[in-house]
Each structure stands twice: as C-alpha cells, then as structure tokens.
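1. Give me the fold of what follows.
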Amino acid sequence: MSYPEPVYLGENGEVTASFRPVTHEPELRTKSGVETHYLATGKSTNGHFGLYRWDTGPEPTGPKPHFHRAITESFFVISGTMRLYDGSKWIDGRAGDFLFVPEGGIHAFRNESGEPASMLILFTPGAPREGYFEGLAQIGLSGRKPSEEEMLDFYLRHDTFWT
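-> Residues are numbered from 1 along each chain as shown. As a prediction, the model looks like this:
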C-alpha cells in the first residue's frame, strides 16, 4: 500500500478547511426521531467520502440487513448502545466500538436499547447518500405508500440491496 498520486501541486498550501460547530442544527429530522448531520458529503469532499452523524431517540429504528455494491460503510458508536449486524450476528456496539463493512458486505444497524444513541457513519467513496436519507424521510413524513416497484427503483438508485 502506498500513498496515492498528489492532487494538490501548489507550493505553499491553501486555506481551504471547513469547520462545523457541534451546535449546528441537523440537516434532516425524520418521523422516527432520527437526526442526521451531514458532516461531510461526497460533494464537499470531491467524492472521496461522506461522513454523517446519526442520532436516535429511544425508539427502535434502523434498516434491516442489506449490502452495497459500490460503497463501503463504517460505523463508529459515539454514545449509547447501537445494535450492529456484521452479516452473521448482531453485536451490541457501545461508545468507541467500530464496524467496517466492505463492498458487498451484509450489514444493518438498529437502536433497540430504549435509550438515545449516536454514531458516525462513513461512506467511501463519497456517494450522494443525502438523497437516500432524505427520500426515506420524505416518504415517512408524507404518509405516502410507494409501490414495491417504486421502492425497488429507489433502492437501486441508492446502491442498496436487501437480503
């Protein structure tokens, strides 16, 4: 393993960093009480990665087992207990626990603890996952019941395959 080819070829560096205070409001709030913070999107990282903070209330929430063909997904539990599925078993992830899922790896996550929980979700490369999160939130808030075909198309557009 070696470093990739340089992208920045300047001599002195540039002032290009971005700072996001912890007090920043979440970009998305769902009907189930999940708050999603878009810390770094694929667009803001030139497609390198997407990093999101996923905060849940005490109600059970999270997707069933699935996989992605084009992206990896990593989970880092910040607080509370998050149930993580590694493709073979459910694990009670606690603050500081980490799960990496390569392309094709079956995984899932749920907050079933009855207490709030928070974790970081990292996608590489930086696919536009905001569209996935926002699309699901919009469906939930509208009360609309899309057809099975519509949902299949939505999941395919967002590289999500259910097991």
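2. and the most centrally placed residue in the chain, what element?
-> The geometric centre of the chain, computed from its C-alpha atoms, lies nearest to residue 121 (Cα atoms, centre = their mean), at 4.1 Å. Using DSSP states H and E, the element containing residue 121 is strand 117-124.
3. outside of that strand, which residues touch it?
-> For strand 117-124, the external contacting residues (Cβ atoms under 8 Å, 6 or more residues apart in numbering) are 39, 42, 48-56, 71-82, 93, 109, 111, 129. No exception for glycine: its C-beta is placed from N, CA and C like everyone else's.
4. If we use 7 Å, what do you get?
-> Contact partners of strand 117-124, identified using Cβ atoms under 7 Å, 6 or more residues apart in numbering, comprise 49-56, 71-82, 111, 129.
5. What residues sit buried inside the longest helix along the chain?
-> In the chain, taking DSSP state H as the definition, the longest helix is helix 129-142. Within helix 129-142, the residues scored as buried using 16 or more other Cβ atoms under 10 Å are 129, 130, 132, 133, 134, 135, 136, 137, 139.
6. coming back round to it: from the contacts of strand 117-124, which would you call buried?
-> The neighbour-count test (16+ other Cβ under 10 Å) marks 49-56, 71-77, 80-82, 111, 129 as buried among the contacts of strand 117-124.
7. what helix or strand is residue 153 on?
-> Assigned by DSSP H and E, residue 153 belongs to helix 148-157.
8. same question for that helix, mean pLDDT?
-> For helix 148-157, mean pLDDT rounds to 96.
9. what about the strands in this protein?
-> Taking DSSP state E as the criterion, the chain carries its strands at 28-29, 35-40, 50-56, 66-67, 72-79, 81-85, 90-94, 98-101, 108-110, 117-124, 161-162.
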